[in-house]
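# can't give you the sequence, but here's the structure:
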């Protein structure tokens, strides 16, 4: 008895739910949960079908191909644990939360390695017996540094790369190695306060709410598809540093919850947005 | 071209989604949105299927009956505007919000009438050209008063009866006239502070958050299936009256949003709980 | 027995609380509530002192002047009801909430008049017996239209001018007539989505939370001191129109709560920010 | 240059702010922040005054005694780091968050020791070089177990005892050793779901929001003064276990934030409630 997720993403037409679920039924697979979404503007159909049973994967995909309007419009994903590599700089809170959750089973991930452009967090990774690689950016061009990072990351064959307060902008060259598989936490309620020092920006603007945003990374800084956002109230008693301090709890919680959605195969990228299925 | 909602509620078995959506496909109906839920404990299957097209209703239901495990397990509901009767006592905020929203099309309901056990809100109903009936409880037994209420309500043949701060407990005799069709707003975050004067109870307990709960009414006071809840923060500066004042905004918003979900056919009762489909 | 608010705003120095409250004590005034804030960057001291008793206003202010570092650094404000004029365009929800709350005493304001650049909401104002003036912008320059607005507003001598979804940008010439006395509701979580059609912008960006912002109006569009913000979650099922619909409830609640804070004399402008005292 | 907090709690009378702050001024102390609250029902005055300067503590307290209506109504507290002992059972999330925050300076506490009635979390404490004591309850009466706990706790002379998912009820005999100094996290939005297994209770009731409550422990289970509460939305897709899992993030965040308020001397107990000063 296995559990797999069938992800369909194809041109919309009438009858798709019936066709796809009928194939699953014919294969004697039990549908644990089925969620669909139609993007009416793009005329595009998305469905997440959580299946349980004995899979004859090749035959299943072939049978599905026959009923779908186009070829190769679906993926069958194992429901199990995902492997991630975490990139960090100096701040401990997001990494600490991920390590704790992975260690105690609150997040279905294996943290294969932590890579830092500073050595600061080596000891934290060590506490949880996770390998840490120090890849300094000093004296390197951006491209050289990214090559060095990729050199460390790729042997781990991660399902996802998580930027847990990694304070470096990544180039398109890096990003295309892991399309829609790099998750970043930005310390503001995007698109407010794009770029550097968002808490100072928030403080200067006098906002009454601050937030954090987890998103997939694409080629434009802070512009990738948003997965999860959350906010907390602040008031005039907060200095910029108080906001940063209060914001850290939101950052770590938003990143962890976004990663949970992603590794649970609930998130689908649709252009520059995400669908997050229940 | 019509739009209808097919609501299925039956014993769970494999293949139900395929069977039901195949019947819809055969009828050339377009599925706008499909949501399902399986109650594993009760082995019960629920599905909400929003359909568009030309309906041959009798044939459709007959065809569906054939594929379902039991008879009469589904309903086909028109997607249009619902008719409601609102019961009130003296407080204006919930009624005002419903009247405003109905009048300006923000809520897909026709408020057929407002009935009060005091005359206080007659003028408010009048501002929006809604008939108001004054049905005093004075000098009447509870049963006599409810008979008088039913006498006023039933000619309107409401889809739902909304208790918008109606400060009277209803007997099972009344409730069974409108099973799962009476919606109440309770001014607390249930099940905290059941019963009278919840804001005073909240103030006495020194809670830091207060809330409101919209629920279907069943035979036990404040015990019916919860549709919607929301909360707001309070602090030690709030008196019980300040809490009540702040809470009124939550009450009206929770009641309006619960009613929107209900009239949009997104809410299904499952025992003493609700399923709220997106 | 009267109640007044003493608002102090002066250069910071040691002993100010002692000096000011000692003067109040000498005048046998009871301090109901005292709140202070020091802006360390600007070296500026702010205090809100809610006083009760018999006021000898001239003498009190003279005595206070003597202990303060500079002249004319405080104001004594009556705690009573404030008079507002509301400017609208076509959307009813914010105006409706203000009218309901003013009518039923949930907001301590007298709505002296409603002025619209369309006639759409005349009937709504009429329901609550509030005068409505139609001041069309058609065929007028921006300056001419603002002159026409001021001509209608100024006879009412409002304490505050409330822009309840007034969809026109005001020029500095207008704004300076009511410095820090014009309150606007912007339908986004500022500074995200400044300018036109924020819900469409939010939908296009794929945000997971939307919000509204009430702020004082200054010379730059959507840049004035923020008084209150609130947000609600949305997901991929929301169209831009669904977001707008859901957002309206936040808009009206944020505007009403901001106005409540302002008329209760809890809000002080400090540069481009507000202090909001409890 | 030192920083101390003056906490006043006395019968209310006119002029207290002036009197107390004048004494501070006479002592050339700078008031960093001053917050007061009057409990009108109890006729009780509370004030928190954050002071900076050179303290002549004995003289200051003597001078203050002279102006206060009763003797011994104030405390002068050092603003520095507090020492805590944490009691746990088997769940790691709250302890992990406290250890991370203490270790990285996000919480101004020294965790002197962790004590568990199971050995489960010894390794977690060890990761952060915090002593762990295993004090099993097996084979002991409740009183004997509490004596064993006190025997381990008291040598550390903690300012506060934190129950980080310590799943044992404490007797009044234990509680009176640390009056208003024991902080518990309860995994529900109190007073909803008092007692055992609140997530199952919440799931059975079908609530749409779950929460957590940090409170001081007094003699009645789950009845002590509430310090902080927070909530998150859930829906019908959540099993009781899903609620528990989602709730853990709220629990740890509520406990950490409550502890931050307490060690920052912002929390004052007033009967069975707390005042939480900004």
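Looks like it arrived, so ask away. Keep in mind that this is a model prediction, so the values were computed, not measured.
# all contacts plus neighbour counts: C-alpha atoms, from now on.
Fine.
# wait, what's in contact with residue A:243?
A:199, A:203, A:210, A:234 (Cα atoms under 8 Å, 6 or more residues apart in numbering or on different chains).
# what is the burial count for the nearest residue to residue A:39 once chain neighbours are set aside?
Spatial nearest neighbour of residue A:39, chain neighbours left out: residue A:45 (6.4 Å); criterion: Cα to Cα, 6 or more residues apart in numbering or on different chains. Per other Cα atoms under 10 Å in any protein chain shown, the neighbour tally for residue A:45 reads 18.
# please apply the same query to the one 5 residues further on.
When neighbours are counted by other Cα under 10 Å, residue A:50 registers 22.
# equivalent analysis for residue A:150, please.
13.
# so it is in which element?
Residue A:150 is part of helix A:142-153 when elements are defined by DSSP states H and E.
# likewise residue A:124?
Element membership for residue A:124, per DSSP H and E: helix A:122-127.
# ok, back up a step: ok, the contacts of residue A:243 vs chain D, which is closest?
When the contacts of residue A:243 are compared for distance to chain D (Cα to the nearest Cα), residue A:234 wins out at 11.0 Å.
# quick one, phi/psi of the closest one?
Main-chain dihedrals, residue A:234, degrees, to the nearest 10: phi -130, psi 170.
# outside of the host helix or strand of the residue nearest to residue A:39, which residues touch it?
Using DSSP H and E, residue A:45 maps to strand A:44-53. For strand A:44-53, contacts defined as Cα under 8 Å, 6+ apart pick out A:1-13, A:28-39, A:266, A:277.
# whichever helix or strand comes after that strand packs against which elements?
On the C-terminal side of strand A:44-53, the closest following helix or strand by DSSP H and E is helix A:57-67. Where contact means 3 or more Cα pairs under 8 Å, 6 or more residues apart in numbering or on different chains; DSSP states H and E, helix A:57-67 is packed against helix A:16-26.
# roughly how far out does the helix it packs on sit from the chain middle?
The chain centroid and the centroid of helix A:16-26 are separated by 29 Å under Cα atoms, centre = their mean, to the nearest Å.
# again, but for stretch A:222-230
Between the centre of stretch A:222-230 and the centre of its chain there are 9 Å (Cα atoms, centre = their mean).
# tell me the buried residues in it?
Using 16 or more other Cα atoms under 10 Å in any protein chain shown as the test for burial, stretch A:222-230 gives A:222, A:223, A:224, A:225, A:226, A:227, A:228, A:229, A:230.
# quick revisit: so which of the contacts of residue A:243 are in helices?
A:199, A:203 (DSSP state H).
# dump the contacts of residue A:243 to JSON lines, plus pLDDT, distance to residue B:57 and neighbour count.
Shown next, in JSON lines, are the contacts of residue A:243 (pLDDT from 0 to 100; distance: Cα to Cα, whole Å; neighbours: other Cα atoms under 10 Å in any protein chain shown):
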{"residue": "A:199", "pLDDT": "92", "distance to residue B:57": "58", "neighbour count": "22"}
{"residue": "A:203", "pLDDT": "93", "distance to residue B:57": "60", "neighbour count": "22"}
{"residue": "A:210", "pLDDT": "95", "distance to residue B:57": "51", "neighbour count": "24"}
{"residue": "A:234", "pLDDT": "96", "distance to residue B:57": "55", "neighbour count": "18"}
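# out of the contacts of residue A:243, which one sits closest to residue C:250?
Nearest to residue C:250 among these, counting by Cα to Cα, is residue A:210 at 16.9 Å.
# check contacts around the closest one.
Contact analysis of residue A:210 by Cα under 8 Å, 6+ apart lists A:188, A:189, A:202, A:231, A:232, A:233, A:234, A:243, A:247.
# change it to 10 Å
Each residue near residue A:210 by Cα atoms under 10 Å, 6 or more residues apart in numbering or on different chains is listed here: A:187-189, A:192, A:198-199, A:202-203, A:230-235, A:243-244, A:246-247, A:250.
# for residue C:160, see how far away it is.
28 Å (Cα to Cα, to the nearest Å).
# partners of the most centrally placed residue in chain A in the sheet?
Centroid-nearest residue in chain A: residue A:183, 4.1 Å away (criterion: Cα atoms, centre = their mean). Residue A:183 has these beta-bridge partners by DSSP bridges: residue A:162, residue A:216.
# so it touches residue A:227, yeah?
Yes: between residue A:183 and residue A:227 there is a contact under Cα atoms under 10 Å: 8.8 Å.
# give me the common contacts of the two.
Jointly contacting residue A:183 and residue A:227 under the rule Cα under 10 Å, 6+ apart are A:214, A:215, A:216, A:255, A:258, A:259, A:262.
# which single one of the residues you listed is nearest to residue B:57?
Minimum distance to residue B:57 across the shared contacts of residue A:183 and residue A:227 is 41.1 Å, recorded for residue A:262 (Cα to Cα).
# run a quick check on the closest one versus residue A:183, I expect a contact.
Yes: look at residue A:262 against residue A:183 with Cα under 10 Å: they come within range, at 9.2 Å.
# skipping its backbone neighbours, what lies nearest residue A:29 in space?
Spatial nearest neighbour of residue A:29, chain neighbours left out: residue A:53 (5.0 Å); criterion: Cα to Cα, 6+ apart.
# number of nearby residues for that neighbour?
If you count neighbours by other Cα under 10 Å, residue A:53 ends up with 15.
# near chain D, which residues of the stretch 151-278 of chain A are found?
Residues of the stretch 151-278 of chain A lying near chain D by Cα under 10 Å from any Cα of the partner chain: A:235, A:237, A:238, A:245, A:246, A:248, A:249, A:250, A:253, A:256, A:257, A:278.
# find the closest residue to chain C in the stretch 151-278 of chain A.
For the stretch 151-278 of chain A, Cα to the nearest Cα, closest residue to chain C: residue A:192, 4.4 Å.
# kindly provide the distance from that residue to residue C:187.
Using Cα to Cα, one obtains 14 Å as the distance from residue A:192 to residue C:187.
# how much does the top helix by length along chain A deviate in direction from helix D:240-263?
Criterion DSSP H: the longest helix present in chain A is helix A:240-263. For helix A:240-263 against helix D:240-263, the angle by axes from the mean of the first three to the mean of the last three Cα atoms, to 10 degrees is 170 degrees.
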